[in-house]
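Asker: Got a sequence here, can you model it:
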Amino acid sequence: MSKISETSYASVWDALEQDPIQAANLKLRSALMIAIAEHVKRKGWTQSIAATHCGLTQPRVSDLLRGHISRFSLDALVNIATALGLQLSLKIRAA
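Answerer: Model (predicted):
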């Protein structure tokens, strides 16, 4: 009988991405996308209204709210969050 190996990861991104640099980028993009989606929901905005506030098209906002992470760079998400009036901060600590 073969033994099943169990590996634990700090996040799903660490499990999906072998490159720690790419995993870190995905973690940050994911956190920003979640914060933006929560902000839009709190405001009660439609995708069209959200698009107007962040300078995007409605289909682009749809991609963001559906979590299509590969379609957004970290830089683009920072710009979108800032356009929506979200204040961003960065905490850095040793690994």
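Asker: name the helices or strands packed onto the helix or strand containing Leu26?
Answerer: Using DSSP states H and E, Leu26 sits in helix 20-43. Other helices and strands packing on helix 20-43, by 3 or more Cβ pairs under 8 Å, 6 or more residues apart in numbering; DSSP states H and E, are helix 12-16, helix 47-54, helix 58-65, helix 74-83. All C-beta atoms are positioned from the backbone trio N, CA, C, and that covers glycine.
Asker: any idea how far that helix is from the chain center?
Answerer: Put simply, helix 20-43 sits 2 Å off its chain's centre (Cα atoms, centre = their mean, to the nearest Å).
Asker: can you state the direction angle for that helix and helix 47-54?
Answerer: 110 degrees (axes from the mean of the first three to the mean of the last three Cα atoms, to 10 degrees).
Asker: Only the C-alpha atoms, please, for helix 20-43, written as CSV.
Answerer: Output of helix 20-43 as CSV, limited to C-alpha atoms (Å, rounded to 0.1, in the frame of the first residue of the first chain):
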residue,chain,number,x,y,z
PRO,A,20,7.7,32.2,-4.3
ILE,A,21,7.9,35.5,-6.1
GLN,A,22,4.9,34.7,-8.2
ALA,A,23,3.1,33.3,-5.2
ALA,A,24,3.7,36.6,-3.4
ASN,A,25,2.4,38.6,-6.4
LEU,A,26,-0.7,36.4,-6.5
LYS,A,27,-1.4,36.9,-2.8
LEU,A,28,-1.2,40.7,-3.1
ARG,A,29,-3.4,40.8,-6.3
SER,A,30,-5.9,38.5,-4.6
ALA,A,31,-6.1,40.7,-1.5
LEU,A,32,-6.6,43.8,-3.6
MET,A,33,-9.3,42.2,-5.7
ILE,A,34,-11.2,41.1,-2.6
ALA,A,35,-10.9,44.5,-1.1
ILE,A,36,-12.2,46.2,-4.3
ALA,A,37,-15.1,43.7,-4.6
GLU,A,38,-16.1,44.2,-1.0
HIS,A,39,-16.0,48.0,-1.5
VAL,A,40,-18.2,47.8,-4.5
LYS,A,41,-20.6,45.6,-2.7
ARG,A,42,-20.7,47.9,0.4
LYS,A,43,-21.5,50.8,-1.8
